[in-house]
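*Asks:* Sequence and predicted structure, then a few things I'm wondering about:
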Amino acid sequence: MPKRSIVALCLPLWLLLCACSPRNFITRRLAADLIVSSDAFRAPQLFLLRTGVISNKDYLSPDYLVLQHHGWISGTRTACPAGLAPWPCWDVVLTPMGVDTFQALIPEVDRGKQYFSVPAARRELVAITGIIKQGKLADVEFNWKWVPLNEVGAAFYSGDLAYKSTTSFRDYDDGWRLVASPVHSGQTLDDALKNAEPAL
């Protein structure tokens with residue numbers, strides 16, 4: 001067979017292969033890369049703490065009970081200001097141990113405020129567990145877990161518990177992308193993380 005014929009036969013195949021990028025096929029690796037590099041997945045979990053006068057309902061909430069159990073806050077009964085209920089209200093302050101724990105975590109601009117947030121945990125992808133593809137859309141199921149960033153995160157987020165989430169992808173002209181807004185039955189990655197269920 002002449003060389004020209006071989007080149008003529010191979011050239012279209014070579015051009016077809018060059019036109020396909022790794023993003024043209026939704027694989028577990030591509031889905032994992034897109035999930036872990038997304039802003040929603042990388043955003044740290046913030047723990048919100050309010051000191052000063054709070055309602056009895058807030059003071060007896062699971063979060064505040066954990067803070068009390070660790071000796072990071074204390075509260076004294078006080079009269080409820082107008083609009084705050086149910087009675088009794090509590091004047092909450094950080095204990096010396098609480099100051100030691102939270103001081104390095106509170107941003108400089110929030111020091112002295114009664115309401116602040118601290119980064120407590122980050123997400124870690126455990127595994128892509130399945131992909132359901134329907135034309136230009138795909139639903140990707142994955143397991144992830146919290147990784148505590150500090151002592152506060154360790155008190156609230158177990159690194160042993162895995163969660164199961166499902167998010168949607170769409171095939172665009174330049175390859176697969178995470179869905180930024182819901183498409184039909186799909187959900188965004190942010191919604192998928194909020195609606196996570198414990199993985200069995």
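*Replies:* Structure received.

*Asks:* can we go C-alpha only for contacts and neighbour counts from here?
*Replies:* Fine.

*Asks:* in the protein, what spans have low per-residue confidence?
*Replies:* Low-confidence segments of the chain, defined by pLDDT under 70: 1-23, 181-186.

*Asks:* Tell me how it divides into domains.
*Replies:* 24-44+122-198, 52-113 (automatic domain parsing).

*Asks:* With respect to burial, which of the ones you listed scores highest?
*Replies:* domain 24-44+122-198 (a mean of 17; mean count of other C-alpha atoms under 10 Å).

*Asks:* Now do it: distance from first to last residue.
*Replies:* Across domain 24-44+122-198, the terminal residues are separated by 31 Å (C-alpha to C-alpha, to the nearest Å).

*Asks:* tell me how far it is from the chain's mean position?
*Replies:* From the chain centre to the centre of domain 24-44+122-198 is a distance of 9 Å (C-alpha atoms, centre = their mean, to the nearest Å).

*Asks:* Can you give me the distance of Asn150 to Phe102?
*Replies:* 10 Å.

*Asks:* what does Gly153 give?
*Replies:* For Gly153 relative to Phe102 (C-alpha to C-alpha), the value is 11 Å.

*Asks:* Equivalent analysis for Thr166, please.
*Replies:* 34 Å.

*Asks:* ok, now Trp144?
*Replies:* Distance from Trp144 to Phe102, by C-alpha to C-alpha: 27 Å.

*Asks:* Helix, strand or coil: sort out the residue most central in space within the chain for me.
*Replies:* Centroid-nearest residue in the chain, with C-alpha atoms, centre = their mean: Phe41, separated by 4.6 Å. Under DSSP: H, G, I helix; E, B strand; the rest coil, Phe41 falls in the helix class.

*Asks:* tell me the secondary structure for Trp87?
*Replies:* coil.

*Asks:* what about the strands in this protein?
*Replies:* Assigned by DSSP state E, the chain shows strands spanning 45-50, 52-54, 73-78, 89-94, 115-134, 137-148, 162-172, 175-178, 197-198.

*Asks:* check contacts around the closest residue in space to Asn56 that isn't next to it in sequence.
*Replies:* Spatial nearest neighbour of Asn56, excluding adjacent residues (C-alpha to C-alpha, 6 or more residues apart in numbering): Cys89 at 5.2 Å. Applying C-alpha atoms under 8 Å, 6 or more residues apart in numbering, we find Cys89 in contact with Val53, Ile54, Ser55, Asn56, Arg77, Thr78, Ala79, Cys80.

*Asks:* The last one touches Asn56, doesn't it?
*Replies:* No - under the criterion of C-alpha atoms under 8 Å, Cys80 lies out of contact with Asn56, with a separation of 9.4 Å.

*Asks:* Spell out which residues are contacts of both of these two.
*Replies:* Common neighbours of Cys80 and Asn56 (C-alpha under 8 Å, 6+ apart) are Trp87, Pro88, Cys89.

*Asks:* can you tell me which residues contact the residue nearest to the centre of the chain?
*Replies:* For Phe41, counting by C-alpha under 8 Å, 6+ apart, the contacting residues are Ile35, Arg123, Leu189, Asp190, Leu193.
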